[in-house]
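Chemist: Here is a sequence with its predicted model. Questions after.
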Amino acid sequence: MMYTNGKTTNNNSPIRQPEPPANGGSGVVPGGPRGGQRLRLNPNVEHKPDNYEDLQLEFSPLLFSALERYLPPSLLGVKRDTKLNYMTDILLRYSSGSERLRLHKHREYRQKIISNYKPLHCDLYNMNGSSFFVPSFLKAITENTEESFRSIMTEPSPEIFTFEILQPRICAKLVEEVENFEKWVHETRFRIMRPNTMNKYGAVLDDFGLESMLDKLMDDFIRPISKIFFSEVGGATLDSHHGFVVEYGTDRDIDLGFHVDDSEVTLNICLGKQFTGGELFFRGVRCEKHVNTETQSEEPMDYVHIPGRAVLHRGRHRHGARATTGGHRINLLLWCRSSVFRELRKYQKDFSSWCAECHHEKKERQLKAIMTTKLELLRREGDAS
Ligand SMILES: [Zn+2]
């Protein structure tokens, strides 16, 4: 199979990056307001940020809480209003008017759903670790070491990890909640936004109230793992997410083309139900520049979904889903992002620590340099004799 144009299908369009319709997390931010002090490069992890959720703000309250850890030390102790003004000034300079309008509309959209939709299982909206997760996963998170994580994971191909995560009861409840939400959408004829440009079915969990539960999932459970296994792509600084479910079957989306995610780290959990087919296929990690380069012989990997089990991989790991040929498959996706990593990435050209093609190019350059030096030495020896 050829991947030179980045797709397994036979049309000639390049590999896709599905875009979420809108999201709360945005890229942030070196430097400070005009003439002000600079933000810190690394967050002050000891600092406990203020809560901004009681305010009607132009940006997500969570963004303010996250950004607060990057404030210059002299600003950490000042009044909330002062910090708010300082940070708003920064954020306004980094987002365009149209982007702000889009975020504003999206907040209204979300508010409209949340104030009208009645949840079926309220316990899903406040995560309780011991009822959500299987004991092995909880134990590994509590121990919080590479060894403990490895003890519950398999790594079928480098940097693709799979492990059991959710209790069957929680998987079933999540499926029922999604079905209940879709029933409401159908009955009220509410026009919902789908999770991204590549899926016609499925729903954004953040849009109907599950945002803070998924934030907790990212903060307390996925970031500790990513810090160890995906540190070079911002695994330690994941600070925003896009959480959604996708639904496959002969009467739903059937398959999903070859693509990369708009995430640093992707958590993909199969919730059920009964299905055949629908394997995930992976084809190597690539940076933006190399996303359409060929797959090397050791890179292909296929994974068969098992309900309750998660796959954790880099967002830039090229992948797709084969046709779900029977039954009905529902997966929960959490695209985890790091605004710090995204900001730093703008100033980098070489991603050889994670892009296989950058790595290959670097090796070639080194080899060439060695050959040139050798030739030069030989020439000098020739001159001397
Ligand atoms: Zn590259």
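Modeler: Yep, it's here. Numbering: from 1, shown residues only.

Chemist: wait, what's in contact with residue 330?
Modeler: Shown here is residue 330, whose contacts under the criterion C-beta atoms under 8 Å, 6 or more residues apart in numbering are 175, 178, 245, 246, 247, 248, 270, 271, 272, 273. Yep, even glycine has a C-beta here, placed from its N, CA and C like the rest.

Chemist: ok, the last one - how many residues close by?
Modeler: Using other C-beta atoms under 10 Å, residue 273 has 14 other residues around it.

Chemist: show me the contacts for it.
Modeler: So residue 273 contacts 175, 307, 327, 328, 329, 330 (C-beta under 8 Å, 6+ apart).

Chemist: Kindly indicate which of those residues lies nearest the ion.
Modeler: residue 329 (32.2 Å; C-beta to the ion).

Chemist: Model confidence score at residue 18, please.
Modeler: Listed pLDDT for residue 18 reads 69.

Chemist: in the stretch 51-200 of the chain, which spans are strands?
Modeler: Per DSSP state E, counting those that start in this stretch, the stretch 51-200 of the chain carries strands over the ranges 154-157, 160-164.

Chemist: Who are the packing partners of the last one?
Modeler: For strand 160-164, the elements it packs on are helix 135-143, strand 154-157, strand 301-303, strand 309-314, judged by 3 or more C-beta pairs under 8 Å, 6 or more residues apart in numbering; DSSP states H and E.

Chemist: Contact residues of the stretch 151-300 of the chain facing the ion?
Modeler: 287, 290 (C-beta under 5 Å from the ion).

Chemist: Would you state the helices of the stretch 151-300 of the chain in chain order?
Modeler: Using DSSP state H, counting those that start in this stretch, the helices of the stretch 151-300 of the chain run over 168-188, 211-216, 223-229.

Chemist: list the helices and strands the last one packs on?
Modeler: Yep, that's helix 223-229 we're talking about. helix 146-152, strand 309-314.

Chemist: Now it: buried residues?
Modeler: Under the neighbour-count criterion of 16 or more other C-beta atoms under 10 Å, helix 223-229 has 223, 224, 225, 226, 227, 229 buried.

Chemist: With the flanking residues excluded, which residue is spatially nearest to the fifth one?
Modeler: To tie it back to what came earlier, the one meant is residue 227. Among residues not flanking residue 227 along the chain, residue 236 sits closest, at 4.0 Å (C-beta to C-beta, 6 or more residues apart in numbering).

Chemist: Let me see the contact set for the one you found.
Modeler: Residue 236 neighbours (C-beta under 8 Å, 6+ apart): 223, 226, 227.

Chemist: Next one: it from the ion, what distance?
Modeler: From residue 236 over to the ion the distance is 22 Å, taken as C-beta to the ion, to the nearest Å.

Chemist: cool, residue 133 as well?
Modeler: For residue 133, the distance to the ion equals 35 Å [C-beta to the ion].

Chemist: Specify the beta-bridge partners of that residue.
Modeler: Counting by DSSP bridges, residue 133 forms beta bridges with residue 166.

Chemist: Count the residues that sit near it.
Modeler: 21.

Chemist: any idea of the pLDDT on it?
Modeler: 98.

Chemist: if I read this right, it contacts residue 168, doesn't it?
Modeler: No: using C-beta atoms under 8 Å, residue 133 is not in contact with residue 168; the gap is 11.7 Å.

Chemist: before we move on, back to that, please indicate which of the contacts of residue 273 are buried?
Modeler: Burial of the contacts of residue 273 was assessed by neighbour count (16+ other C-beta under 10 Å); the buried members are 175, 307, 328, 329, 330.

Chemist: Can you add distance to residue 370 and secondary structure and give these back as a markdown table?
Modeler: Shown next, in a markdown table, are those (distance: C-beta to C-beta, whole Å; DSSP: H, G, I helix; E, B strand; the rest coil):
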| residue | distance to residue 370 | secondary structure |
| --- | --- | --- |
| 175 | 57 | helix |
| 307 | 51 | coil |
| 328 | 56 | strand |
| 329 | 50 | strand |
| 330 | 53 | strand |
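
Chemist: of those, closest to residue 320?
Modeler: Nearest to residue 320 out of those is residue 329 (C-beta to C-beta; 14.2 Å).

Chemist: Could I get the contacting residues of that closest one?
Modeler: Residue 329 neighbours (C-beta under 8 Å, 6+ apart): 247, 248, 249, 270, 272, 273, 275, 278, 305.

Chemist: Now do the first one: how many residues are near it, please.
Modeler: What it means is residue 247. Number of residues near residue 247 (other C-beta under 10 Å) recorded here: 23.

Chemist: ok, back up a step: for the contacts of residue 330, which one is nearest the ion?
Modeler: Once C-beta to the ion is applied, the member of the contacts of residue 330 that ends up nearest the ion is residue 246, at 27.6 Å.

Chemist: Can you point out the buried residues in the host helix or strand of residue 334?
Modeler: Using DSSP states H and E, residue 334 falls within strand 324-337. Within strand 324-337, the residues that qualify as buried are 324, 328, 329, 330, 331, 332, 333, 334, 335, 336, 337, counting by 16+ other C-beta under 10 Å.

Chemist: Looking at those residues, which is nearest residue 52?
Modeler: Once C-beta to C-beta is applied, the member of those that ends up nearest residue 52 is residue 337, at 19.4 Å.

Chemist: wait, that closest one sits on residue 241?
Modeler: Yes: the pair residue 337 / residue 241 is scored as a contact, 6.7 Å apart, by C-beta under 8 Å.

Chemist: just how off-centre is the helix or strand following the strand holding residue 334 within its chain?
Modeler: Scanning forward in sequence from strand 324-337 by DSSP H and E, the next helix or strand is helix 339-345. Here the centre of helix 339-345 is set off from its chain's centre by 13 Å, with C-alpha atoms, centre = their mean, to the nearest Å.

Chemist: same question, stretch 322-340
Modeler: Counting by C-alpha atoms, centre = their mean, stretch 322-340 comes out at 11 Å from the chain centroid.
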